[in-house]
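Undergrad: predicted model and sequence below, questions to follow.
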Amino acid sequence: MSSRTAPRLMTLQRHLGWPKAGDIAMESSPLTTHVLDTASGLPAQGLCLRLSRLESPGQQWMELRTSYTNLDGRCPGLLTPGQIKPGTYKLSFDTERYWKERGQESFYPYVEVVFTIAKETQKFHVPLLLSPWSYTTYRGS
């Protein structure tokens, strides 16, 4: 990320209500993610992602939040403790734009990670390891 891009990213994150380090919202968030760019060996900075929940009736996805990974590739504070409830959730990562901004061709235009939250009292961490040609995810701690 260029020295000109980082301040713009931080301004955008503040505008979207993204929590700062040390914020209570960040520390107590029950859902977080962390994206690592395995091609460069660095955090995936500025990757756009959307969090959605599957809603009844009709089983439609309802978007809950749009955010961007920070300079460390993390996106804490996706949900506040009051927002989380049992159900099926989806994190959708805009990988095509991420790689295009880096002048890199890629195979996957987006990555969607769908997971189930059974108990709203638990914490959930969803890491994503990303390259232009592959990705992997798992339930972190």
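TA: Now that the structure is in, tell me what you want to look at.
Undergrad: got the contact list for Q83?
TA: Listed by C-beta atoms under 8 Å, 6 or more residues apart in numbering, the contact partners of Q83 are L64. Using the backbone N, CA and C atoms, a C-beta is placed for each residue, glycine as well.
Undergrad: next structured bit after the worst-scoring helix or strand of the chain on mean pLDDT?
TA: Using mean pLDDT, DSSP states H and E, helix 24-27 stands out as the lowest-scoring helix or strand of the chain, at a mean of 46. Once the chain leaves helix 24-27, the next helix or strand it forms, by DSSP states H and E, is strand 31-37.
Undergrad: got any ranges where the chain has weak pLDDT?
TA: Counting by pLDDT under 70, the chain shows low-confidence ranges at 1-27.
Undergrad: hmm, try it at 90
TA: Along the chain, segments meeting pLDDT under 90 span 1-30, 56-58, 76-77, 79-84, 119-123, 140-141.
Undergrad: just the CA atoms of stretch 107-124, as PDB, please.
TA: Extracted in PDB, the C-alpha atoms of stretch 107-124 (Å, rounded to 0.1, in the frame of the first residue of the first chain):
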ATOM      1  CA  PHE A 107      -8.500 -16.800 -10.500                       C
ATOM      2  CA  TYR A 108     -11.200 -16.100  -7.900                       C
ATOM      3  CA  PRO A 109     -13.200 -12.800  -8.300                       C
ATOM      4  CA  TYR A 110     -14.500 -13.200  -4.700                       C
ATOM      5  CA  VAL A 111     -14.300 -15.600  -1.800                       C
ATOM      6  CA  GLU A 112     -17.400 -16.400   0.200                       C
ATOM      7  CA  VAL A 113     -17.100 -18.000   3.600                       C
ATOM      8  CA  VAL A 114     -20.400 -19.300   5.000                       C
ATOM      9  CA  PHE A 115     -20.500 -20.400   8.600                       C
ATOM     10  CA  THR A 116     -23.000 -21.100  11.400                       C
ATOM     11  CA  ILE A 117     -23.200 -19.400  14.800                       C
ATOM     12  CA  ALA A 118     -25.000 -21.600  17.300                       C
ATOM     13  CA  LYS A 119     -24.400 -19.600  20.500                       C
ATOM     14  CA  GLU A 120     -24.300 -15.900  20.600                       C
ATOM     15  CA  THR A 121     -22.100 -16.000  23.700                       C
ATOM     16  CA  GLN A 122     -19.100 -17.500  21.900                       C
ATOM     17  CA  LYS A 123     -16.400 -15.500  20.000                       C
ATOM     18  CA  PHE A 124     -15.700 -16.300  16.300                       C
END
